[in-house]
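*Asks:* Okay, sequence plus prediction incoming.
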2 protein chains.
Amino acid sequence: MDVALLARVDGKRDELSHIPGTSAALRRIKKEAYYQHIYHTAGIEGNTMTLAQTRMILETRLAVGGKSIMEHNEILGLDSALKYINTTLLHRVGRVSLHDLLQIHTRVLGHSDPLQAGRLRTTQVFVSNHIPPPPTRLQVLMEDFVSWLNSAEAAALHPVRYAALAHYKLVFIHPFSDGNGRTARLVMNFLLMQAGFPPVIIRKQDRMLYYDGLQMANEGDTRPFVRFVAHCTEKTLDVYLWATKESLPKIEQQQEDQQNTPQNTHTEHTTTTETELTTGKIRGRNVEI
Amino acid sequence: MDVALLARVDGKRDELSHIPGTSAALRRIKKEAYYQHIYHTAGIEGNTMTLAQTRMILETRLAVGGKSIMEHNEILGLDSALKYINTTLLHRVGRVSLHDLLQIHTRVLGHSDPLQAGRLRTTQVFVSNHIPPPPTRLQVLMEDFVSWLNSAEAAALHPVRYAALAHYKLVFIHPFSDGNGRTARLVMNFLLMQAGFPPVIIRKQDRMLYYDGLQMANEGDTRPFVRFVAHCTEKTLDVYLWATKESLPKIEQQQEDQQNTPQNTHTEHTTTTETELTTGKIRGRNVEI
């Protein structure tokens, strides 16, 4: 069942890879996915901004009255981390360092908690049923984790399995005082992007399924979590394919009813690569599903 | 003239030192000064929050709609730096380290620019007519500055002259990419607080006088700047003395017209030391005016 699912996901990724990067529809869905990614990954951690507020904050840098300043800073931190990934890490396949991971965390947590950002935690933490390793072991565990990330063993895995396991291993270690989930989702996503996949959006409404998968992985069975991530990847690919297919045949029509069919809008502003969710080159690896 | 001014300032400091720390009026003016300090020091750098908005942000941590998120973060950074000074540096007289100064800057700039916070700049900067030293010399210059801060020569100066010169020397070096003025005013103020003075409020409406003083110091004459700081210190002391004297004789009256005479209000919430502008012990030093 996993084999069929992953093969389907690969097929959809290949289909997506044939859409030219110049496609306005592709750029639009990437930008939309960028905002949605930030909205959902912050929302999973309890951030109460709506998608519209998230977009407004990122486009204007102006505050939403009545919301906590920290909720704004969580949005800015995710934006900063994604830009860092898009401009720096995307093509560093198989050469991820601990420094890179700390740099991501520096940005995720920086605006809201500058004193803890980019630092391994120094106290014990408790995550529902899971007791992560003590702070004294974090340095070694993180170095082991990075070795695994760059190992031949990891490179032999299907990219979705590799990315999901990286996510699971990182939240198991729980290296930071805060921002572990957001950092783990970003790491998972840049590994997926390195393999030519769009970043997965784990929707806040799927939070319980997501936690169940992680919980089962903690108990020794990582398969449900990998399957969950594969399903999310497929869903994300479907949205990309739908958004780009819908508009392609109509590319010459400059219709006036654009506001009713936003997927057909071709008059958007040009966006920079930094505010898109970039997909990198397809990773040349010996794939084992 | 300076001698008379500094002697007057000393007298007022001594007068203030006789007001018991338990005085509700003293606590109230300290809290008010805390908000005003943040309001003015941010305002000098262009922050557009009103005093009421500044207070609201610090009391509720909620955002003001339509203001930039960065302006909120500047307020939070100053609050964090002041709390750090109040709880950590106030009694470390004559033992200031470069690490302490970087810790202040980490907090001043942390929320708004976590990547530059607590770091010496790595590029050349230009500050109107003044070209600060190149980044390659900053480490040595800052170590020299810290040696001077802790020197017998500095300890022999009148505290107001000492604090004003420390401010001037720090903005001359301009060690940071941003937040130099705010950090210099905080350093000036914790040196004043160590000597039993309340922290000086440099009002945003006095910005031009303040810059003129710094400019003349750059040209070789530090006296106008010291005099400016002494005048601000005297003004601040006058406000403290006025606010505490006004209310003392009426301390037993529980009047109902408190809203019209806020300086007579005795029903405020208990505040923690952290949100007051603390004055430390009077520094035992051989004072040379």
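*Replies:* Cool, got the structure.

*Asks:* packing partners for whichever helix or strand residue A:166 is part of?
*Replies:* According to DSSP states H and E, residue A:166 maps onto helix A:159-173. Contacts defined by 3 or more CB pairs under 8 Å, 6 or more residues apart in numbering or on different chains; DSSP states H and E place helix A:159-173 against helix A:2-17, helix A:138-149, helix A:152-155, helix A:180-194, helix A:207-218, helix A:223-247. For every residue, glycine as well, the C-beta is placed using N, CA and C.

*Asks:* Tell me which of the ones you listed sits nearest to residue A:96.
*Replies:* Residue A:96 lies closest, by CB to CB, to one member of the helices and strands packed on helix A:159-173: helix A:138-149, at 4.9 Å.

*Asks:* ok, back up a step: indicate which one of the helices and strands packed on helix A:159-173 is closest to chain B.
*Replies:* helix A:180-194 (14.5 Å; CB to the nearest CB).

*Asks:* helices and strands around the closest one, which ones?
*Replies:* By 3+ CB pairs under 8 Å, 6+ apart, helix A:180-194 packs against helix A:24-44, helix A:69-84, helix A:98-110, helix A:159-173.

*Asks:* So what's the gap between it and the chain middle?
*Replies:* Put simply, helix A:180-194 sits 5 Å off its chain's centre (CA atoms, centre = their mean, to the nearest Å).

*Asks:* buried stuff in that helix?
*Replies:* Within helix A:180-194, the residues that qualify as buried are A:180-194, counting by 16 or more other CB atoms under 10 Å in any protein chain shown.

*Asks:* Tell me the residues of chain A that contact chain B?
*Replies:* Taking CB under 8 Å from any CB of the partner chain as the contact definition, chain A meets chain B at A:57, A:61-70, A:72-73, A:76, A:106-107, A:110-112, A:114-115, A:117.

*Asks:* Spit out the contact partners of residue A:218.
*Replies:* Applying CB atoms under 8 Å, 6 or more residues apart in numbering or on different chains to residue A:218 gives the contacts A:129-130, A:172.

*Asks:* Just the buried residues of the residues you listed.
*Replies:* Neighbour-count burial (16+ other CB under 10 Å) is assigned, among the contacts of residue A:218, to residue A:172.

*Asks:* Serialize the contacts of residue A:218 to CSV and add fields for distance to residue B:232.
*Replies:* Shown next, in CSV, are the contacts of residue A:218 (distance: CB to CB, whole Å):
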residue, distance to residue B:232
A:129, 58
A:130, 55
A:172, 55
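
*Asks:* Residue of chain A nearest chain B, please.
*Replies:* residue A:65 (2.4 Å).

*Asks:* that's a strand at that residue, yeah?
*Replies:* No: Residue A:65: not assigned to a strand; according to DSSP: H, G, I helix; E, B strand; the rest coil it is coil.

*Asks:* which residues sit in contact with the nearest residue to it once chain neighbours are set aside?
*Replies:* Excluding its sequence neighbours, the residue lying closest to residue A:65 (CB to CB, 6 or more residues apart in numbering or on different chains) is residue B:65, at 2.4 Å. By CB under 8 Å, 6+ apart, the contact set of residue B:65 is A:62-66.

*Asks:* dump the residue contacts of residue A:44.
*Replies:* Contacts of residue A:44 (CB under 8 Å, 6+ apart): A:181, A:185, A:202, A:204, A:207, A:210.

*Asks:* do you know how far the second one is from residue A:45?
*Replies:* It refers to residue A:185. 10 Å (CB to CB, to the nearest Å).

*Asks:* Equivalent analysis for the fifth one, please.
*Replies:* The gap separating residue A:207 from residue A:45 is 10 Å, by CB to CB.

*Asks:* go on, the first one?
*Replies:* Residue A:181 sits 6 Å away from residue A:45, taking CB to CB as the criterion.

*Asks:* Touching, residue A:108 and residue A:185? I think so.
*Replies:* No: using CB atoms under 8 Å, residue A:108 is not in contact with residue A:185, being 9.7 Å away.

*Asks:* quick one on the thing from earlier: which of the helices and strands packed on helix A:159-173 is buried the deepest?
*Replies:* helix A:180-194 (a mean of 25; mean count of other CB atoms under 10 Å in any protein chain shown).

*Asks:* send the alpha carbons of it over as PDB?
*Replies:* The C-alpha trace of helix A:180-194 is given here as PDB (Å, rounded to 0.1, in the frame of the first residue of the first chain):
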ATOM      1  CA  ASN A 180      10.600  22.200  17.700                       C
ATOM      2  CA  GLY A 181       7.500  21.400  15.700                       C
ATOM      3  CA  ARG A 182       7.900  24.400  13.300                       C
ATOM      4  CA  THR A 183      11.600  23.600  12.800                       C
ATOM      5  CA  ALA A 184      10.900  19.900  12.200                       C
ATOM      6  CA  ARG A 185       8.200  20.800   9.600                       C
ATOM      7  CA  LEU A 186      10.600  23.200   7.900                       C
ATOM      8  CA  VAL A 187      13.400  20.500   7.800                       C
ATOM      9  CA  MET A 188      11.000  18.000   6.400                       C
ATOM     10  CA  ASN A 189      10.000  20.500   3.800                       C
ATOM     11  CA  PHE A 190      13.400  21.500   2.600                       C
ATOM     12  CA  LEU A 191      14.300  17.800   2.300                       C
ATOM     13  CA  LEU A 192      11.200  17.400   0.200                       C
ATOM     14  CA  MET A 193      12.000  20.500  -1.900                       C
ATOM     15  CA  GLN A 194      15.500  19.200  -2.500                       C
END
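
*Asks:* and the residue minimising distance to the centre of chain A, what is it in contact with?
*Replies:* Centroid-nearest residue in chain A, with CA atoms, centre = their mean: residue A:189, separated by 3.7 Å. Residues counted as contacts of residue A:189 (CB under 8 Å, 6+ apart) are A:37, A:85, A:163, A:199-200, A:277.

*Asks:* Turn the residues you listed into a markdown table, including pLDDT and neighbour count.
*Replies:* Output for the contacts of residue A:189, formatted as a markdown table (pLDDT from 0 to 100; neighbours: other CB atoms under 10 Å in any protein chain shown):
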| residue | pLDDT | neighbour count |
| --- | --- | --- |
| A:37 | 95 | 24 |
| A:85 | 95 | 23 |
| A:163 | 97 | 29 |
| A:199 | 90 | 27 |
| A:200 | 93 | 28 |
| A:277 | 66 | 25 |
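
*Asks:* between the residues you listed, which is nearest residue B:10?
*Replies:* Closest to residue B:10, out of all of the contacts of residue A:189 and judged by CB to CB, is residue A:85, at 57.3 Å.

*Asks:* Chain neighbours aside, what residue packs nearest to that closest one?
*Replies:* Of all residues not flanking residue A:85 in the chain, residue A:190 sits nearest, at 4.7 Å (CB to CB, 6+ apart).

*Asks:* Read off the pLDDT value for that neighbour.
*Replies:* Reported pLDDT at residue A:190 in the predicted model: 93.

*Asks:* Let me see the contact set for it.
*Replies:* Per CB under 8 Å, 6+ apart, neighbours of residue A:190: A:85, A:89-90, A:199.

*Asks:* now swap in residue A:121 and tell me
*Replies:* Per CB under 8 Å, 6+ apart, neighbours of residue A:121: A:135, A:138, A:174-177.

*Asks:* quick check, it in a helix?
*Replies:* No: according to three-state DSSP, residue A:121 belongs to no helix; its state is coil.
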